[in-house]
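> Sequence first, then the predicted structure, then my questions.
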Amino acid sequence: MPAAQTMQDQLGAAVHQNAALTREGLLERLFSRLFQGLVYAQIWEDPVSDMEALRIQPGEHLVCIASGGCNMMSYLTAAPGSIAAVDLSPAHVALGRLKLAGAQHLSQSEFHRFFARADHGANPYVYQQILRHHLDADTRAYWEGRGLFRRRIEMFSHGVYRYGLLGRFIGLAHMVSRLGRVDFKPFLRAETLEEQKAYYEAKVAPLFDMGLVRWLARRRASLFGLGIPPAQYDKLAADGGGDVIPVLRERVRKLMCDFPVRENFFAWQAFNRAYARREGGSVPPYLDPDAFETVRSHAPSVTLVNRSLTDMLGEAPAASKDCFVFLDAQDWMTDAQLNALWSEVTRTARPGARVAFRTGGIPDILPGRVNDDVLSRWVYDADASRKGFESDRSAIYGGFHLFRFAS
């Protein structure tokens, strides 16, 4: 079977839960089609919250979903022994491999310019002269292939974080905000949380009462740009009593009001569509200049492949992994898929292993769905889960959950 067909089958298995010729089935197939391209140029989960909850120790062996790669790269600052990363999107795999090559073969200033600024005219030249020679054929083909108007690598000279489904969704949100006469520049200049809260209440909260915003938000396909498939949309809406508007309102409030904007790179991407340019501006841990040598030295320990998490773990030795990070992928899964995954997680977990994941809705989704003989071997850490949720600056999820392997 051709590799592309295998990837489509894997995406279908992850997303398709309804018959094709139903409304829900059509939406699921549209989402999986969109997910074959670039969704996240920047991941939308806080890697600092992950690392604080997991307490990654030097030399430990990690498993994660790559997505935009910011988490995978940031975990390298903890000096792990290895990271096995997967993603069903070949675009995400190509982005992650580009970041890994950059860490190993660029200078610190070139690396920062390429991935922190990500809009400099020299970046495609640096790719051509240095990076392409250290990439596999599939990754080169992706970046040297053409998007709508130009080679994909040219995104790094036009602001790569404006691209992908998420980047374009944020662009649409800015257009709607301008219709509501909202300018985010004063928010980005705020010096205190009180100023941020006042701005949110005066300028942003009223947007959720606009007819256009309410109409858009109540259509499942409108949130595909956030990487939210139909099944996860329903979990979000359930937290609002069936209405997604109050849920989105609260999560935007958390993003804007609960963390100093100068320390929240998620807020900068949401409201500036780029990281702050000023010295000391907030960036993911892997882009901190002080972490560059650690990231560089441990980048060769990462294996990044285009396949499902369960399949990858199925080939791993027993008792070989210390930490697992699932992002929100389990929200997409059927009971059978959850049980297959957790059987492999339990088989490959070392004593003391930890699993961190997020959910679109508030509740933990595992009890009553994962077989008791498997789930009973894990202990839910309610305190670490609460702290992980409260500290996650991305603010988009309803729950953060941490499990510890008991036996």
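Happy to help now that I have it.

> close enough to count as contact, Ile83 and Ser74?
No. With contact defined as CB atoms under 8 Å, Ile83 does not reach Ser74; the gap is 10.6 Å. (Glycine included, C-beta is placed from N, CA and C.)

> Between the two, tell me which one has more neighbours.
When neighbours are counted by other CB atoms under 10 Å, Ile83 and Ser74 differ, and Ile83 comes out ahead with 27 against 23.

> you'd agree that one is in a strand?
Yes. When DSSP: H, G, I helix; E, B strand; the rest coil is applied, Ile83 is found to be in a strand.

> remind me which residues of the stretch 1-150 of the chain are low pLDDT?
Scanning the stretch 1-150 of the chain for pLDDT under 70 picks out the ranges 1-36.

> any chance you could map the strands in it?
Counting by DSSP state E, counting those that start in this stretch, the segments of the stretch 1-150 of the chain that form strands are 61-65, 82-86.

> In CSV: those, plus distance to Ser385.
Formatted as CSV, the strands of the stretch 1-150 of the chain follow (distance: least, CB to CB, whole Å):
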stretch, distance to Ser385
strand 61-65, 18
strand 82-86, 23
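
> Out of those, the one nearest Ile396 is which?
strand 61-65 (15.7 Å; CB to CB).

> Quick one: list the elements packing against the closest one.
If contacts are counted by 3 or more CB pairs under 8 Å, 6 or more residues apart in numbering; DSSP states H and E, strand 61-65 sits against helix 70-75, strand 82-86, helix 309-314, strand 321-325.

> In JSON lines: those, plus distance to His174.
Formatted as JSON lines, the entries for the helices and strands packed on strand 61-65 read as follows, by distance: least, CB to CB, whole Å:
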{"stretch": "helix 70-75", "distance to His174": "21"}
{"stretch": "strand 82-86", "distance to His174": "31"}
{"stretch": "helix 309-314", "distance to His174": "34"}
{"stretch": "strand 321-325", "distance to His174": "30"}
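
> List the contacts of the residue positioned nearest the centre of the chain.
The centroid of the chain falls nearest to Ile43 when counting by CA atoms, centre = their mean (3.0 Å). Under the criterion of CB atoms under 8 Å, 6 or more residues apart in numbering, the contact partners of Ile43 comprise 67-71, 327.

> of all those, which comes closest to Phe169?
Using CB to CB, Gly68 comes nearest to Phe169 of the contacts of Ile43, at 13.8 Å.

> What is the neighbour count of that closest one?
As a burial measure, Gly68 scores 28 neighbours (other CB under 10 Å).

> repeat for Ala299
A total of 20 residues lie near Ala299 under the criterion other CB under 10 Å.

> Nearest residue to it in space, please, no chain neighbours.
With CB to CB, 6 or more residues apart in numbering as the criterion, Ala299 has its nearest non-adjacent residue at 4.4 Å, and that residue is Ala103.

> Likewise for Trp378?
Phe403 (4.3 Å).

> give me phi/psi at that neighbour?
According to degrees, to the nearest 10, the main-chain angles of Phe403 amount to phi -120, psi 150.

> burial count for it?
Residues contacting Phe403 under the criterion other CB under 10 Å number 24.

> ditto for Ile130
For Ile130, the tally of surrounding residues (other CB under 10 Å) stands at 16.

> Return the residues in contact with it.
Ile130 touches 105-106, 110, counting by CB under 8 Å, 6+ apart.

> The same query, at a cut-off of 6 Å, please.
Contact criterion CB atoms under 6 Å, 6 or more residues apart in numbering gives His105 as the residues in contact with Ile130.

> For it, what are phi and psi?
When quoted as degrees, to the nearest 10, the phi and psi of Ile130 stand at phi -120, psi -60.

> do Pro351 as well
For Pro351, the backbone dihedrals are phi -50, psi 130 (criterion: degrees, to the nearest 10).

> now do the one 3 residues further on
Here is the backbone geometry of Arg354 (degrees, to the nearest 10): phi -130, psi 150.

> Could you tell me how far it is located from Ala318?
17 Å (CB to CB, to the nearest Å).

> between those two, who's got more neighbours?
When Arg354 and Ala318 are compared on other CB under 10 Å, the one with more neighbours turns out to be Arg354, at 24 against 11.

> check which helix or strand covers the residue lying closest to Ala190 once chain neighbours are set aside.
Taking CB to CB, 6+ apart, and ignoring the residues beside it in sequence, Ala190 has Gln196 as its nearest neighbour in space, at 4.7 Å. Gln196 is part of helix 193-199, with elements assigned from DSSP states H and E.

> could you say what helices and strands that helix packs with?
When contacts are defined as 3 or more CB pairs under 6 Å, 6 or more residues apart in numbering; DSSP states H and E, helix 193-199 sits against helix 244-257.

> CA atoms only for the helix it packs on - export them in PDB, please.
Included here for helix 244-257 are C-alpha records, laid out as PDB according to Å, rounded to 0.1, in the frame of the first residue of the first chain:
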ATOM      1  CA  VAL A 244     -19.800  26.500  22.900                       C
ATOM      2  CA  ILE A 245     -20.000  30.400  23.200                       C
ATOM      3  CA  PRO A 246     -19.500  30.500  27.000                       C
ATOM      4  CA  VAL A 247     -16.700  28.000  26.800                       C
ATOM      5  CA  LEU A 248     -14.800  30.000  24.200                       C
ATOM      6  CA  ARG A 249     -15.500  33.200  26.200                       C
ATOM      7  CA  GLU A 250     -13.900  31.700  29.400                       C
ATOM      8  CA  ARG A 251     -10.900  30.300  27.600                       C
ATOM      9  CA  VAL A 252     -10.100  33.600  25.800                       C
ATOM     10  CA  ARG A 253     -10.500  35.300  29.200                       C
ATOM     11  CA  LYS A 254      -8.000  33.000  30.800                       C
ATOM     12  CA  LEU A 255      -5.500  33.500  27.900                       C
ATOM     13  CA  MET A 256      -5.800  37.300  28.200                       C
ATOM     14  CA  CYS A 257      -6.200  37.800  32.000                       C
END
